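Attaching a predicted model along with its sequence, questions to come.
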Amino acid sequence: MSLIDGPSRVMFVVAFAGCVAACSGEETPVGPNGPAEPAPVLTFEPASVSLGAERNGVIRIRNSGSGAAGPVDLVPGAVQLPGGDAIPGAGLSVAPSTIATLNPGDARELAISLTLPGDLAGGNYDVGLEARVGGETRASLGVAFSVTPPVGPAVGSVAVTGPAGELMQGDVVAFSVEVLDTDGIPVAEPQVSWSVVPAGAGLVTGAGRFVAYDAGTMRVVAESQGATDTVTISAVARSVPDGQFRTLYNAAVDSRYTSDHWESGATAYSGTWSCRGVPGGACGDALFVWDLSAGEPVLADSVIVDARVVNDIKVSADGRLGILTHEHSDDMQNGITLLDLADPNHPEVIVRFAAPDLSPGVHNVWIEGDYAYVVVDGTAASSGLRILDIRDPAAPVIVAGFYGGSSFLHDVYVRDGLAFLSHWDAGLIILDVGNGVKGGSPSAPREVGRLDIPGYWVHNAWYWPEAGYVFLGDEINLPGRVRIVDVSDPTSPMEVASITKSGAAPHNFWLDEQRGIGYFAWYEAGVQAFDVSGDLLGSLERQGRFIAESGYAPGGACVTASQQCAWAPQLHAGKLYVSDMNTGLWVLEAQF
Amino acid sequence: MRVVERALLVALAPALGVWGCSSDDVAGDPAGTGADGAVAALLVTVAVSDEVLRLDPRTGAVLARIPLDPRPSESDEPHGVAIAPGGDHWYATLAHGEPTLSKFETKGDRLVGRVSLRAAGAARVELARNGETAFVADYDRSRPGERGEVLAVHTRDLGVTARARVCPGPHHALPDPATGRVAVACSLGDEIVVLSATGLEEVVRFPVDSVPGEPGAPRFKPLNLAWSADGQRLYVALHLADRVRVFDPAGRMIGDVATGGRPAQLALSPDGATLVTANRADGTLSVIDTRELSERARVDLEAEHPHGVALDGDGSTVFVTCEGSTVRPGRTVAVRLGPGEPEIAWSTETGPVPLGVAWAPAPNP
């Protein structure tokens, strides 16, 4: 790799207080009240990069301002066609991805590296890189590169076959292509570039998989060594269920922030989070139990534990056992509490299970069969996943553990013998805990595959085995993005699609797999329903798949007690239950 | 939850009742005004709300609430805090999630850096006398019998310059002001390890008792330390033994003094005459005469779970963080020391689980 030299310029500067529009690179700008506070000014050198056919390079970032900045997060954007279509499975890596601090006058070298899917069509692409401090973009860089199909034998003709005519936005179709040389003989392994005209009307992959973004007429073009063929597509607006959310009930929780919840039978259980600064406010030491038998949730009982965060509650499939998590306990033991739900509205504590392995705090839990999968806070090799044999719920036994090697585990989802670990910076990790693909079991989990997405902090996952997809969330980075990963081969997970929302990040999901509808919590933006049926490819929000969004409470930024701040949806007995940090538990009806 | 929620907590907390900040029982003007009227610094880390509070040491009024957590959606436990010798910067650790050391400019409490420590945990942070190096102990309860690390961080660029895998549960790594050597309290190993200032190489290792517990099962749980100014005395809080022991630099025991229940942090007055301990179990502060090695006063702090202590510049006021409980917020309490009985100067609600505390004089004009 060589250093790429070029001119320096300020791409984007967010001013600190006292540093107004004139703050464009001069040191210590002067305002009406005298010298402003020290302010960093970050620039990439060069301000744009053309890698051509290269896939690696070295750039610099410099602080030419008067104040230190840090940490500086280097956040890559989506690899895209010039028309703006994100390329699933393509990414830009930066090393280091974070600079602890950048003092005035200091500069750091950054290594950049592109990862591209093997079937990426020939053409010109670009990807952005932002330097962010405290979530604010301080500098940005454009990286352009090209993919040039290798020169092959002379081509006489290209013929595209596949569906033509009318289809719906969001439907994924596959085209195939036959390439003949000038003698009319098929070319083995031809190099074909695909494109959509007009650009941005749809997305076509290097393998000829196509999805229409816009409604209207468009052309899919295959080109090889100058020969082309075109298929004309007429895309009609996607037909999605029509209707809105109707708000039925609110089980208000004012004294504490509400966390996760679970519905089982005619009972709902909701956890509590941190400490709430309101008159009569309290910490997250409670699990609330709601009787749903009359439709409207009625507080039936509560379980108070030694914790300041009851982040998660799960109930076994038979409804007889519940497990809640402890963090920030007074006795510093943390762990979990197992609940006998023989009387669902009045849980009885079976045992609080604390062990050194769990003492840093348990953040999430999953119950699958005779085992509980417990997420232990921390970045030690001894933190991460703990698997507990709970056949005797009064005496759980830790039978196995797993740590992903870096970062920390945030959540776990188990289904069909596979455990999907949301491992933050380390990405998605898939374990065999009985599926058989790698010979794993709950007492001897085996890693099957992992997907590290640069700049994406995997917070939660939902596995949909029938479709072969995992839906991932990142609750921090904006714009918010749900990523959809093809795990039909779990040894080689591959991102194929996404849902992007500016200004809000996703939290937890629930999928109505029968109907192909996903319910996504977006904090201040409430809950949105999307059509996730069929094959998924590209940017779903551009495919007419949006169905409805909730408006059960005023919007805003989650910052006042009455504002909408959705944590998690759960579809249960025909209704959508939503826990909201500010306002408690809501019951919605999806009228579509 | 995430950033916006942090804004909610920060915005609402000062104004609101039970978990809001009120300063009660103000009595006097301890510890705090510089020649130009600038206020001395008193910083408190609050574990559950993921923030650092700047208090007025004279009154306990909350002057600023500074979010610390890069992952504000989770409760990651700000733990240790230290102020640079010149007062221009301060540093704080984040214990869980991804353990980090953050660097702030004192002016405006502006975050200017944060380094991921690549460690299992991060408890207290202490600075070398010249402020160029920060020492962080990698305390992690989940590894009771395993050796944890001590890290040295260059404060200018936040680069980790050395790390040593020392002992089970290192909670406090404190440089000796005389020699720069770093003593480490091995809380889950019942021993003290002294490391070289550069390279963190082991100089001496000694148990805190002739019959220590097994690694991971301590009998004494040495949590925190204080050095005398000449480096000849090392005071060790033995959490499970309800006492402080005093050792010389070679590890020979000099003396022993009983304290209140479960002493956590301790601090030594600048003249070396007074040692104070925050006693987590019984809500008290022990005031110890170091010449006699006797407890001369025990102060009921009227708050639960005392944890951190810091003394002001002349040793006349001690500031104690009290964690509170799951049903009551924590407090920070100022106790005026003097020739007579110690008295509480003020007591302020400081959110859920305040832990670390640091005091520094008003910066020079």
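Received, thanks. In this text the structure is predicted, and so the values were computed from the model without any measurement.

Report the contact partners of whatever residue of chain B ends up closest to chain A.
Closest residue of chain B to chain A, CB to the nearest CB: B:Gly113 (2.8 Å). Every C-beta, even on glycine, is put in place using the N, C-alpha and C of the backbone. Contact analysis of B:Gly113 by CB atoms under 8 Å, 6 or more residues apart in numbering or on different chains lists A:68, A:70-71, A:100-101, B:102-103, B:158.

Show me which residues of the stretch 251-365 of chain B are close to chain A?
With the criterion set to CB under 8 Å from any CB of the partner chain, the stretch 251-365 of chain B comes near chain A through B:305, B:323, B:325-327, B:329, B:351-353.

need the helices for the stretch 251-365 of chain B, in chain order.
In the stretch 251-365 of chain B, no helices are found when defined by DSSP state H, counting those that start in this stretch.

which regions of it sit below the pLDDT cut-off?
Scanning the stretch 251-365 of chain B for pLDDT under 70 picks out the ranges B:364-365.

one step back: mind checking the SS state of the residue of chain B closest to chain A?
At B:Gly113, secondary structure determined by DSSP: H, G, I helix; E, B strand; the rest coil is strand.

that older thread, buried only: go through the contacts of B:Gly113 for me.
A:68, A:70-71, A:100-101, B:102-103, B:158 (16 or more other CB atoms under 10 Å in any protein chain shown).

Excluding chain neighbours, what is closest to the residue of chain B closest to chain A?
A:Thr101 (2.8 Å; CB to CB, 6 or more residues apart in numbering or on different chains).

if I pick the one you found, what's in contact with it?
A:Thr101 neighbours (CB under 8 Å, 6+ apart): A:68-72, B:103, B:112-115, B:157-158.

mind putting the residues you listed in a markdown table, distance to B:Glu77 included?
Below are the contacts of A:Thr101 laid out as a markdown table (distance: CB to CB, whole Å):
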| residue | distance to B:Glu77 |
| --- | --- |
| A:Ala68 | 25 |
| A:Ala69 | 25 |
| A:Gly70 | 21 |
| A:Pro71 | 18 |
| A:Val72 | 24 |
| B:Lys103 | 18 |
| B:Val112 | 22 |
| B:Gly113 | 19 |
| B:Arg114 | 15 |
| B:Val115 | 17 |
| B:Asp157 | 25 |
| B:Leu158 | 20 |
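
ok, these vs B:Ile192, which is closest?
B:Val115 (26.6 Å; CB to CB).

if I look at B:Gly324, how far off is A:Trp273?
Distance of B:Gly324 to A:Trp273, computed by CB to CB, to the nearest Å: 17 Å.

same check, this time on B:Val166
Applying CB to CB, the value for B:Val166 to A:Trp273 is 35 Å.

any idea of the pLDDT on the residue most central in space within chain A?
Residue closest to the average C-alpha location in chain A (CA atoms, centre = their mean): A:Gly473, at 2.3 Å. Here the pLDDT value assigned to A:Gly473 is 98.

Return the backbone torsion pair for it.
Backbone torsions for A:Gly473, taken as degrees, to the nearest 10, come to phi -130, psi 150.

Pick out the residue in the stretch 301-450 of chain A sitting closest to chain B.
A:Ala380 (3.3 Å).

cool, and chain A?
For chain A, CB to the nearest CB, closest residue to chain B: A:Thr101, 2.8 Å.

Show the pLDDT at that residue.
98.

Do a quick rundown of the strands in the stretch 301-450 of chain A.
A:313-315, A:321-326, A:335-340, A:348-353, A:362-368, A:371-376, A:384-389, A:397-402, A:411-415, A:418-422, A:428-432, A:446-451 (DSSP state E, counting those that start in this stretch).
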